[in-house]
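1. Just the structure for this:
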Amino acid sequence: MDDMCKAIVDFNVPGKPGPPPVKLTAHIYVMISKGEQSAKHAIEFTDPSGTLAAHSFPLNLWVALPRRPSPRGGALSFTEAEYAVRIARNEELMKAPTSASTCSNDMRNKMPACSQFGTMWCWATGVAALIEYYKGSGPAKCNGLECQVVGWTWNSSTSACCPYKSHIGDCGGLGGYISSQVDAATHFTGRKHKSAGGPLSQAALDKSLRGGAPVLMQVGPGRRANHVTQIRGCGDGMYYFWDPEWGTTQHGRVEPVYPAGSDKRTYKELLSYNYNGYVVNWIDSVYAE
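-> Take a look at the predicted model:
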């Protein structure tokens with residue numbers, strides 16, 4: 001491969017039926033879609049000899065179908081307009097007056113504090129915790145459920161990414177769009193889930209938790225959502241928050257073990273908080289209808 005990402009390819013090899021009669025030039029491109037905030041790699045084939053067509057005429061184009069979203073940030077995949085609406089909602093709620101939570105429903109005994117296995121599996125950990133909560137039949141701490149969620153989402157098979165240790169390379173980095181979370185949560189729990197289109201107001205959050213519906217928070221630094229955390233109930237004027245990265249090794253570093261009491265937060269501390277030197281904002285929500 002030269003510095004222009006071009007290489008000469010000879011398809012005339014044993015076992016290749018009907019190879020081109022001449023060597024071809026393969027040129028690798030990156031195709032970017034700003035609207036979808038995604039990128040695909042493509043290989044264009046041309047004939048430098050001019051035998052099959054003019055030397056610059058594309059004979060074929062191979063396009064790689066993406067198996068995963070962009071690292072973390074692309075896992076939630078909002079357009080700029082959608083982000084603007086969600087950030088505006090967050091800022092509006094931050095300015096609004098709040099009070100101590102009036103709901104009292106501690107779901108932590110049914111919804112375990114699960115830690116994510118795959119680097120990009122925060123979303124699957126959240127869905128797995130919902131499965132534990134609604135179905136009550138999963139293994140301890142979601143172990144073995146996350147990989148089923150990822151496999152079903154990306155390969156339509158609950159065994160495609162299980163066990164995790166055997167599929168780190170092909171599945172460990174697979175993220176989940178917010179639509180993937182909604183679909184997987186609905187499929188596995190039997191309860192219809194939806195996206196709120198932004199952070200929940202305190203009244204809406206209290207209503208959901210009081211009614212026994214935990215919430216998956218789509219959060220991230222600044223104006224980008226790149227992580228999924230959980231709200232597992234409320235009581236004593238606080239909300240019970242959980243981050244599946246706490247105490248795990250992710251992205252080449254060990255994440256902090258959560259400080260005592262940090263799983264109990266006020267409403268404003270859910271909307272915006274500091275973590276690892278970043279200001280993290282609540283961007284969207286997934287919960288059962």
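2. For the stretch 51-200 of the chain, just list every one of the helices.
-> Using DSSP state H, counting those that start in this stretch, the helices of the stretch 51-200 of the chain run over 80-95, 122-135, 145-155, 168-171, 178-189.
3. residue ranges for the strands of the stretch 1-150 of the chain, please.
-> Along the stretch 1-150 of the chain, the segments classed as strands by DSSP state E, counting those that start in this stretch run 6-9, 24-33, 38-46, 60-63, 105-106.
4. Which one of the ones you listed lies nearest to residue 147?
-> Of all those, the one in closest proximity to residue 147, counting by C-beta to C-beta, is strand 38-46 (24.3 Å). Quick note: C-beta positions are derived from backbone N, CA and C, even for glycine.
5. Give me the mean pLDDT for the closest one.
-> Summarised as a single mean, pLDDT over strand 38-46 is 79.
6. Likewise for stretch 181-196?
-> For stretch 181-196, mean pLDDT rounds to 96.
7. Can I get the strands of the stretch 1-150 of the chain in a markdown table including mean neighbour count?
-> Below are the strands of the stretch 1-150 of the chain laid out as a markdown table (neighbours: other C-beta atoms under 10 Å):
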| stretch | mean neighbour count |
| --- | --- |
| strand 6-9 | 13 |
| strand 24-33 | 14 |
| strand 38-46 | 15 |
| strand 60-63 | 12 |
| strand 105-106 | 16 |
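8. Distance to residue 198 added to these, as TSV?
-> Formatted as TSV, the strands of the stretch 1-150 of the chain follow (distance: least, C-beta to C-beta, whole Å):
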stretch	distance to residue 198
strand 6-9	46
strand 24-33	24
strand 38-46	23
strand 60-63	34
strand 105-106	23
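9. so residue 241 is in which element?
-> In this assignment (DSSP states H and E), residue 241 forms part of strand 238-242.
10. okay, that strand in CSV with CA atoms only?
-> Only the C-alpha atoms of strand 238-242 are listed here, as CSV (Å, rounded to 0.1, in the frame of the first residue of the first chain):
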residue,chain,number,x,y,z
MET,A,238,-32.6,11.2,46.9
TYR,A,239,-32.3,9.1,43.7
TYR,A,240,-30.4,5.8,43.5
PHE,A,241,-27.8,6.1,40.7
TRP,A,242,-25.5,3.5,39.2
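11. which regions of the stretch 101-250 of the chain sit below the pLDDT cut-off?
-> 137-139, 249-250 (pLDDT under 70).
12. ok, back up a step: nearest to residue 239, out of the strands of the stretch 1-150 of the chain?
-> Nearest of the strands of the stretch 1-150 of the chain (C-beta to C-beta): strand 105-106, 10.5 Å.
13. Return the distance of residue 272 relative to residue 239.
-> Per C-beta to C-beta, to the nearest Å, residue 272 is found 14 Å from residue 239.
14. by contact count, what packs against the strand holding residue 241?
-> strand 227-235, strand 264-265, helix 267-271 (3 or more C-beta pairs under 8 Å, 6 or more residues apart in numbering; DSSP states H and E).
15. can you list the residues that contact it?
-> 100-101, 106-108, 113, 129, 205, 209, 229-234, 262-267, 269-270 (C-beta atoms under 8 Å, 6 or more residues apart in numbering).
16. So how do I select the buried members of those in ChimeraX?
-> Buried members of the contacts of strand 238-242, defined by 16 or more other C-beta atoms under 10 Å, are picked up in ChimeraX with:
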select :101,107,113,129,205,209,229,230,231,232,233,234,262,263,265,266,267,270
